[in-house]
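Participant: here is a sequence together with a model predicted from it:
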Amino acid sequence: MSALEEHAENIEVVPVRHPGRIVAGVAMLVLFLMFLHTLISRIPDPQTGAMIWRFRWNIIGQYLFSSLIFHGLLLTIELTVAAMAAGIVLGVVIAVMRISHSRLLSAPAAGYTWFFRGTPVYVQILFWFAAGTLYPTLTLGVPFVHLTVFTFHLNHLTAVEAGIVALSLNEGAYMAEIARAGLISVDEGQMEAASSIGMKRVQTLRHVVLPQAMRVIIPPTGNEVISMLKTTSLVSTIGVYELAGVANNISAQNFENVALLETISIWYLAVTTVLSIGQFYLERHFAKGSSRATPETPWQRLRSDVRGIRSKWRLLPTGMTR
Amino acid sequence: MSEVMVQSIGLAKSFGSNEVLRNINMEVRRGEVTCLIGPSGSGKSTFLRCINHLEKHDRGELLVDGVMVGYDLRNGKLYERTSSEIAEARSNIGMVFQRFNLFPHLTALSNVTIGPVKVRGMSSSDAKERATELLRRVGLEEKAEAYPSQLSGGQQQRVAIARALAMDPKLMLFDEPTSALDPELVGEVLDVMKDLAKSGMTMIVVTHEMGFAREVADSVYFMDQGIIYESGDPQEVLVNPQSDRLKSFLSKVL
Ligand SMILES: Nc1ncnc2c1ncn2[C@@H]1O[C@H](COP(=O)(O)OP(=O)(O)O)[C@@H](O)[C@H]1O
Ligand SMILES: [Mg+2]
């Protein structure tokens, strides 16, 4: 009879204790409470000496949902969506060109990335705003023989459009590198297998390579979207007032800088939160067939936590009885 | 329809200065099973890949079902085939890889249907019906909805065979289909291949499974350093090797 069987009647499993974790947890809690206190405490007003909320909580409400701020927010979202959509399409096209066997395609793609990553996006925005004076019209046609396919009037470009063009072209360069990383992460054998059943290059790309590349492409693309959300504020240099630009204008008049910075930070955080949730579900979708388990949704995680706590209270691992 | 399915005459292929295939002569008749054996690096995979034009050969002539691979002879000139002509030709030749190369983002069933649907334009319900039947044929009907990562190596390889069969190929190429498998899983894949051979499929099989070669093959070719040293009836070639190279190779794999 083994030692375990001998005591089978009244055996108790004592979980290992983690005193270090408890100390660290308490320390974190104290630090957090101290921080919370600074957020909700009052300080004397520098001018009047009257006690006021350090973070102006009493007045941000009036800005948070004001129509000026709201319009700024809307413009920020519009700029982000437009620039990212165009940037992603452009990036995938350039990445596909870049991995092409033809130097006539790969070299221009490499050149594009080199140029648009190598100059500040701030400069590019100013450039596209001024482009109308350099190239009043862009015409696609055959050089030197005056045959035109279409004409594009750069001098009619509004500031918002110039901003979108600049942000898109710049984003295209970054997305190209992200998409290329995704494409080359797919095993060579996948292309061969697709070819061997008679799929053509474009079909292989569309049905075999890209869906697998998405797993590598999505996380850094999420980064790019969130980064773009804030980069759009640079267009205020050409007179397009999105969220940050509007806030800047308001605080220039009433000097409530802190309250307005808080207001827009809250909005940026709110949009980022929504975007992160979207990214989570998108990643889950493209994780299909992966050998790693798909991550739990917050709801599923909550349920398994509850199950975990419940079984802890029973003290004994399942399958063992007292 | 030609009686000879694959004919290779003086085929040669180099990678840079590395002469991988030197002078390959081979004839595979319709409905025959041909085993290609030889040490690692001797050019067996390269030869198979030439047959469905995943590699371009440099010299010699290669015919599949009487049609020249990769080129078209017209008015005394060789015209290189377009990529869509090559894709069309490949769709009639099944290939099974050592590392399975299933599409990991698709279920077993979708791995089998994707070819007929995307390449042949078959309706997805017809393709599903046919794929289910093929999965039954390789003994995996109940795994239709499983992803490759949820299948054993032997099961993955059987799905890969079903995927190739879904295109109704006239020729099947196997490149060491059991070399990546745990020993206890080799049998289930060889069994599927034996059934396929019995059904009259023309097959070229690169393999180290000498038992399979002896039992199933109509002829065996021994390749070393890009040259065919011996070929013929498996009993002759495997039981009574003539060249020292084959003798030493067989002593290692048996
Ligand atoms: N794409 C390639 N580029 C350069 N060398 C290659 C390539 N594919 C195969 N080789 C070389 O060709 C030789 C034969 O390879 P392979 O046909 O795979 O042999 P086997 O299948 O008989 O083991 C090896 O020396 C290998 O390094
Ligand atoms: Mg090989």
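Facilitator: On my side now, so go ahead. Ligands and ions are numbered 1, 2, ... in the order given.

Participant: correct me if wrong: B:Leu238 contacts B:Met210.
Facilitator: Yes - using C-beta atoms under 8 Å, B:Leu238 makes contact with B:Met210 at a distance of 6.1 Å. Quick note: C-beta positions are derived from backbone N, CA and C, even for glycine.

Participant: shared neighbours of the two, anything?
Facilitator: Counting by C-beta atoms under 8 Å, 6 or more residues apart in numbering or on different chains, the common neighbours of B:Leu238 and B:Met210 are B:Leu250.

Participant: neighbour count for those two, which is higher?
Facilitator: Remark: of B:Leu238 and B:Met210, B:Leu238 carries more neighbours, 22 against 17, as counted by other C-beta atoms under 10 Å in any protein chain shown.

Participant: distance of the more buried one from B:Leu250?
Facilitator: Look at B:Leu238 and B:Leu250: by C-beta to C-beta, to the nearest Å, they are 7 Å apart.

Participant: residue 169: neighbour count?
Facilitator: Using chain A. A:Leu169 has 20 neighbours, counted by other C-beta under 10 Å.

Participant: can you look at chain B instead?
Facilitator: Using other C-beta under 10 Å, B:Pro169 is surrounded by 22 other residues.

Participant: who's in contact with the closest residue to it other than its chain neighbours?
Facilitator: Sequence neighbours aside, B:Gly94 is the residue nearest to B:Pro169 in space, at 3.7 Å (criterion: C-beta to C-beta, 6 or more residues apart in numbering or on different chains). Counting by C-beta under 8 Å, 6+ apart, B:Gly94 makes contact with A:196-197, B:161, B:164-165, B:167, B:169, B:171-173.

Participant: just A:Gly222 next, same as before
Facilitator: With contact taken as C-beta under 8 Å, 6+ apart, A:Gly222 is in contact with A:275-276, A:279.

Participant: at 7 Å instead, please
Facilitator: Neighbour list for A:Gly222: A:275, A:279 [criterion: C-beta atoms under 7 Å, 6 or more residues apart in numbering or on different chains].

Participant: please apply the same query to A:Gln212.
Facilitator: A:186, A:190, B:104-105.

Participant: for ligand 1, state which of the residues you listed is nearest.
Facilitator: Using C-beta to the nearest ligand atom, A:Gln190 comes nearest to ligand 1 of the contacts of A:Gln212, at 16.2 Å.

Participant: okay, now the nearest residue to B:His208 once chain neighbours are set aside: neighbour count?
Facilitator: Of all residues beyond its chain neighbours, the one nearest B:His208 is B:Val253 (5.3 Å), with distances taken as C-beta to C-beta, 6+ apart. Counted with other C-beta under 10 Å, the neighbours of B:Val253 add up to 11.

Participant: now do the SS call for the residue nearest to B:Pro169.
Facilitator: Following DSSP: H, G, I helix; E, B strand; the rest coil, B:Gly94 is assigned to strand.

Participant: got it, and the one 10 residues further on?
Facilitator: With three-state DSSP as the basis, B:Pro104 sits in coil.

Participant: surely it is in contact with B:Gln150?
Facilitator: No - using C-beta atoms under 7 Å, B:Pro104 is not in contact with B:Gln150, being 10.4 Å away.

Participant: the two: who's more crowded?
Facilitator: B:Pro104 (22 against 14).

Participant: SS state for B:Met172?
Facilitator: Look at B:Met172: counting by three-state DSSP, its state is strand.

Participant: helices of the stretch 151-300 of chain A, start to end?
Facilitator: Assigned by DSSP state H, counting those that start in this stretch, the stretch 151-300 of chain A shows helices spanning A:159-184, A:188-196, A:201-204, A:210-231, A:243-254, A:257-286, A:298-313.

Participant: from the chain's centre, how far out does the last one sit?
Facilitator: A distance of 30 Å separates the C-alpha centroid of helix A:298-313 from that of its chain, computed with C-alpha atoms, centre = their mean, to the nearest Å.

Participant: sorry, back to before: so, if you compare the contacts of A:Gln212, which one comes nearest to A:Ser67?
Facilitator: In terms of C-beta to C-beta, no member of the contacts of A:Gln212 lies closer to A:Ser67 than B:His105, at 45.9 Å.

Participant: how about the closest one, what does it touch?
Facilitator: Counting by C-beta under 7 Å, 6+ apart, B:His105 has contacts A:211-212, A:288-289.

Participant: show the buried residues in those residues.
Facilitator: For these, a burial check counting by 16 or more other C-beta atoms under 10 Å in any protein chain shown picks out A:211-212, A:289.

Participant: so where's chain A shaky on pLDDT?
Facilitator: Scanning chain A for pLDDT under 70 picks out A:1, A:7-9, A:291-294, A:311-322.

Participant: out of the helices of the stretch 151-300 of chain A, which comes closest to A:Leu90?
Facilitator: Judged by C-beta to C-beta, the one of these that comes nearest to A:Leu90 is helix A:159-184, at 3.2 Å.

Participant: residue of the stretch 151-300 of chain A nearest chain B, please.
Facilitator: Using C-beta to the nearest C-beta, the single residue of the stretch 151-300 of chain A nearest to chain B is A:Gly198, 2.5 Å away.

Participant: neighbours around the nearest residue to that residue once chain neighbours are set aside, how many?
Facilitator: Spatially, and ignoring its direct neighbours in sequence, A:Gly198 is nearest to B:Ser91 (2.5 Å; C-beta to C-beta, 6+ apart). A total of 21 residues lie near B:Ser91 under the criterion other C-beta under 10 Å.

Participant: for B:Ser91, give me its contacts.
Facilitator: Contacts of B:Ser91 by C-beta under 7 Å, 6+ apart are A:197-198, B:119, B:167.

Participant: format the residues you listed as CSV; extra columns: distance to A:Tyr63 and neighbour count.
Facilitator: Formatted as CSV, the contacts of B:Ser91 follow (distance: C-beta to C-beta, whole Å; neighbours: other C-beta atoms under 10 Å in any protein chain shown):
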residue, distance to A:Tyr63, neighbour count
A:Ile197, 60, 28
A:Gly198, 61, 23
B:Val119, 59, 20
B:Met167, 64, 20
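
Participant: got CSV for those, with distance to ligand 1 too?
Facilitator: CSV is the format used below for the contacts of B:Ser91 (distance: C-beta to the nearest ligand atom, whole Å):
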residue, distance to ligand 1
A:Ile197, 21
A:Gly198, 21
B:Val119, 25
B:Met167, 23
